[in-house]
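Q: Here is a sequence with its predicted model. Questions after.
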Amino acid sequence: MTESSEWLIYRGAGEPHDGMDRLPPPPPWRDFSGRDAEEGVDGGDGSRDRRLGAHRHLAELHRPGAEELEMINAALYLRRPLLVTGSPGAGKSTLAHSVAYELGLGNVLRWSIVSRSTLHDGLYDYDAIARLQDVQIAAQGGYGTAGGNPGAVEAIGSYIRLGPLGTALLPSDTPRVLLIDELDKSDIDLPNDLLNVLEEGEFEIPELQRIADRLPDGEAEVLTADGTKVRVRDGRVRCRAFPFVVLTSNGERDFPAPLMRRCIHLQLDRPDHNRLATFVRAHLGDEAARAGDDLINRFLERSRSELLAADQLLNAIYLTDAAAPPSRDRLADLLIQRLDRPR
């Protein structure tokens with residue numbers, strides 16, 4: 001690794017140049033080009049490669065620990081949500097993709113929680129404003145929906161889209177995998193709001209129930225979180241196979257006892273050297289894992305007293321190897337900064 005600035009794309013020179021032509025392909029976990037779409041798998045968004053790694057076949061010797069396997073299978077057998085807690089980058093979200101991949105359960109439905117998330121967001125959305133606008137445009141001689149008059153009763157389904165949780169609860173012979181990511185970032189009410197839906201495996205869409213007797217066969221065609229269309233009867237969505245639900249938390253807050261009682265709880269420990277090396281091999285290949293072994297060891301040493309994320313290690317190994325920058329150790333330290341202390 002040479003001490004040069006040739007790896008720099010942006011140089012701060014204040015003059016246009018063709019440096020973008022030299023920018024290498026993105027890291028596999030930041031590749032949004034939709035490689036999976038060409039293969040017709042995983043919903044076509046590349047999320048499986050980003051989560052499991054483009055070189056995951058090289059990491060096939062790694063196996064989860066006994067407790068991790070037991071808790072995952074307990075959730076599968078009992079049809080209970082799996083609450084996974086652990087530090088950032090411990091592999092909580094990846095677990096859902098791993099289960100879906102191994103068991104052939106299709107692409108993972110993901111609901112990323114923010115402080116403003118509500119149960120309604122996860123179940124469905126009815127866009128009444130868009131429907132009103134379409135009615136007004138149609139009244140002025142403009143377009144209508146594919147089904148005709150947007151104000152017609154049967155057109156209501158065109159304005160309803162199921163959320164990730166709502167889509168996961170659609171009736172099917174095999175369960176879907178739903179990732180409810182970072183539940184600890186939610187409003188204080190959301191964990192309690194989830195209780196009934198997770199217990200009963202069903203929910204109602206009042207907008208459809210009110211007009212069910214005026215719909216053909218009581219059914220309306222709505223859009224799912226996958227972008228496909230399904231028919232909902234009598235305004236009720238009820239699962240046949242309870243989805244495999246993975247709730248993740250960084251441990252930033254405690255959850256109410258009723259939610260804990262309904263979940264199988266798995267605590268992911270800080271990853272050891274073997275798990276980190278497997279993580280790097282899955283994303284960057286065997287050669288990068290060998291070249292970055294010293295960074296893995298330094299990461300482990302620092303993580304005994306600092307809060308670090310495995311994603312930071314991946315960034316450091318990729319950049320110091322693929323981009324060949326100068327001052328490798330210094331750049332690695334800049335990329336792997338502790339998360340438990342404001343700077």
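A: Cool, the structure landed.

Q: for residue 111, helix, strand, or coil?
A: Per DSSP: H, G, I helix; E, B strand; the rest coil, the secondary structure class of residue 111 is strand.

Q: how far away is it from residue 203?
A: Between residue 111 and residue 203 the distance is 14 Å, computed by C-beta to C-beta, to the nearest Å. Using the backbone N, CA and C atoms, a C-beta is placed for each residue, glycine as well.

Q: cool, and residue 168?
A: Residue 168 is 11 Å from residue 203, by C-beta to C-beta.

Q: again with residue 272
A: To residue 203, residue 272 is 41 Å away according to C-beta to C-beta.

Q: ditto for residue 11
A: Distance from residue 11 to residue 203, by C-beta to C-beta: 55 Å.

Q: So for the two, which residue has more residues nearby?
A: A direct count of neighbours by other C-beta atoms under 10 Å for residue 11 and residue 203 places residue 203 higher, at 21 against 10.

Q: ok, residue 131 touching residue 159?
A: Yes. Because the distance of 4.5 Å satisfies C-beta atoms under 8 Å, residue 131 is recorded as touching residue 159.

Q: so residue 230 bridges to which residues?
A: Going by DSSP bridges, residue 230 is paired in beta bridges with residue 222.

Q: all helices for the stretch 101-250 of the chain, in order.
A: Taking DSSP state H, counting those that start in this stretch as the criterion, the stretch 101-250 of the chain carries its helices at 119-123, 128-139, 164-168, 190-200, 206-209.

Q: how about these in JSON lines, adding distance to residue 29 and mean pLDDT?
A: What follows is the helices of the stretch 101-250 of the chain, written out as JSON lines (distance: least, C-beta to C-beta, whole Å; pLDDT from 0 to 100):
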{"stretch": "helix 119-123", "distance to residue 29": "25", "mean pLDDT": "97"}
{"stretch": "helix 128-139", "distance to residue 29": "35", "mean pLDDT": "86"}
{"stretch": "helix 164-168", "distance to residue 29": "21", "mean pLDDT": "98"}
{"stretch": "helix 190-200", "distance to residue 29": "28", "mean pLDDT": "95"}
{"stretch": "helix 206-209", "distance to residue 29": "39", "mean pLDDT": "94"}
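
Q: most packed of those helices?
A: Highest mean neighbour count among the helices of the stretch 101-250 of the chain (mean count of other C-beta atoms under 10 Å): helix 164-168, with a mean of 26.

Q: Just list what it packs against, helices and strands only.
A: On a contact count with 3 or more C-beta pairs under 8 Å, 6 or more residues apart in numbering; DSSP states H and E, helix 164-168 meets strand 109-112, helix 119-123, strand 177-181.

Q: Can I get that helix as PDB, trimmed to CA atoms?
A: What follows is helix 164-168, C-alpha atoms only, in PDB (Å, rounded to 0.1, in the frame of the first residue of the first chain):
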ATOM      1  CA  PRO A 164     -45.300  -4.400   5.600                       C
ATOM      2  CA  LEU A 165     -47.200  -5.800   8.500                       C
ATOM      3  CA  GLY A 166     -50.500  -5.800   6.600                       C
ATOM      4  CA  THR A 167     -48.900  -7.700   3.700                       C
ATOM      5  CA  ALA A 168     -47.300 -10.200   6.000                       C
END
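
Q: who touches it?
A: Residues from elsewhere that reach helix 164-168 (C-beta atoms under 8 Å, 6 or more residues apart in numbering): 109-111, 119, 122-124, 176-178, 180, 197, 203, 224-226, 237, 239, 243, 245.

Q: Okay, strands next: where are they in the stretch 201-343 of the chain?
A: Applying DSSP state E, counting those that start in this stretch to the stretch 201-343 of the chain gives strands spanning 202-204, 219-223, 229-233, 236-238, 244-249, 264-267.

Q: These: which one's closest to residue 17?
A: Closest of the strands of the stretch 201-343 of the chain to residue 17 is strand 244-249, at 42.7 Å (criterion: C-beta to C-beta).

Q: What is the closest one packed up against?
A: Here strand 244-249 touches strand 82-85, helix 92-103, strand 177-181, going by 3+ C-beta pairs under 8 Å, 6+ apart.

Q: What distance do you get for the nearest residue to residue 243 once chain neighbours are set aside to residue 202?
A: With sequence-adjacent residues excluded and distances taken as C-beta to C-beta, 6 or more residues apart in numbering, residue 243 is closest to residue 168, at 4.0 Å. For residue 168, the distance to residue 202 equals 12 Å [C-beta to C-beta].

Q: same thing with residue 9?
A: Residue 9 sits at a distance of 52 Å from residue 202 (criterion: C-beta to C-beta).

Q: same check, this time on residue 247
A: Where residue 202 is concerned, residue 247 sits at a distance of 19 Å (C-beta to C-beta).

Q: The two: who's more crowded?
A: The residue with more neighbours, out of residue 247 and residue 202 and counting by other C-beta under 10 Å, is residue 247; that gives 28 against 13.

Q: I'd like to know how many residues surround residue 27.
A: Residues within reach of residue 27, counting by other C-beta under 10 Å, total 17.

Q: Provide a list of residue ranges in this protein with pLDDT below threshold.
A: Flagging of the chain using pLDDT under 70 yields the residue ranges 1-5, 34-63, 142-148, 322-326, 342-343.
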